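Enquirer: Sequence first, predicted coordinates after that:
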Amino acid sequence: MATGDTLHVEVVTADRELYNGEANIVDVPGADGQLGILPHHAALLALLKPGPLVIKLNGAEEAIFVSGGFLEVSNNSVTVLADTAERAEDINEARAEAARRRAQERLADVRSNTERAQLQAALERAVNRIRVAEMVRESGGRTRVKMPRSEDYTNN
């Protein structure tokens with residue numbers, strides 16, 4: 001339950017829950033720009049774009065890549081319904097880099113605006129997956145402390 005200096009956060013996709021807990025701040029990649037959600041934030045509905053979602057609690061941070069989706073803020077609670085999402089430590093950087101290269105190579109031979117838009121979206125997802133993975137790798141574990149996973153509490 002959220003206290004005066006925290007808010008409740010849930011990050012889910014259609015098939016799983018990635019985070020369910022408290023936070024002091026949530027940084028979210030909104031379609032119209034980066035959003036910082038603090039406790040007692042005004043009600044809000046927003047579209048998400050691909051990028052890093054960072055949950056901060058008492059100096060600890062959890063970085064999650066979201067490929068897009070929706071954000072709802074209401075009653076000191078944040079709900080993120082992501083199209084797809086993965087924790088930073090679960091991202092396969094080599095696979096993301098290969099996807100980035102494929103999208104860039106295919107953009108050179110694009111034949112339609114639809115195909116161009118699809119490839120640019122794939123490129124954006126790959127670049128942001130790499131960026132989120134690098135956030136954790138570059139910290140060397142010093143500033144990014146892994147918070148408990150929600151599934152750690154579901155069997156109690």
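Expert: That came in fine, so what should we check first?
Enquirer: so which strand or helix has Leu47?
Expert: strand 44-48 (DSSP states H and E).
Enquirer: Please apply the same query to Gln118.
Expert: Going by DSSP H and E, Gln118 is part of helix 113-139.
Enquirer: Which element, helix or strand, includes Pro52?
Expert: With DSSP H and E as criterion, Pro52 is part of strand 51-57.
Enquirer: domains in this structure, as residue ranges please.
Expert: Following automatic domain parsing, the chain resolves into domains at 7-89+140-145, 91-133.
Enquirer: can you redo these as JSON lines with mean neighbour count and mean pLDDT?
Expert: For glycine as for every other residue, the C-beta is placed from the backbone atoms N, C-alpha and C. Below are the domains of the chain laid out as JSON lines (neighbours: other C-beta atoms under 10 Å; pLDDT from 0 to 100):
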{"stretch": "domain 7-89+140-145", "mean neighbour count": "17", "mean pLDDT": "92"}
{"stretch": "domain 91-133", "mean neighbour count": "15", "mean pLDDT": "90"}
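Enquirer: tell me which strands and helices the helix holding Gln118 is in contact with?
Expert: strand 51-57, strand 60-66, helix 93-107 (3 or more C-beta pairs under 8 Å, 6 or more residues apart in numbering; DSSP states H and E).
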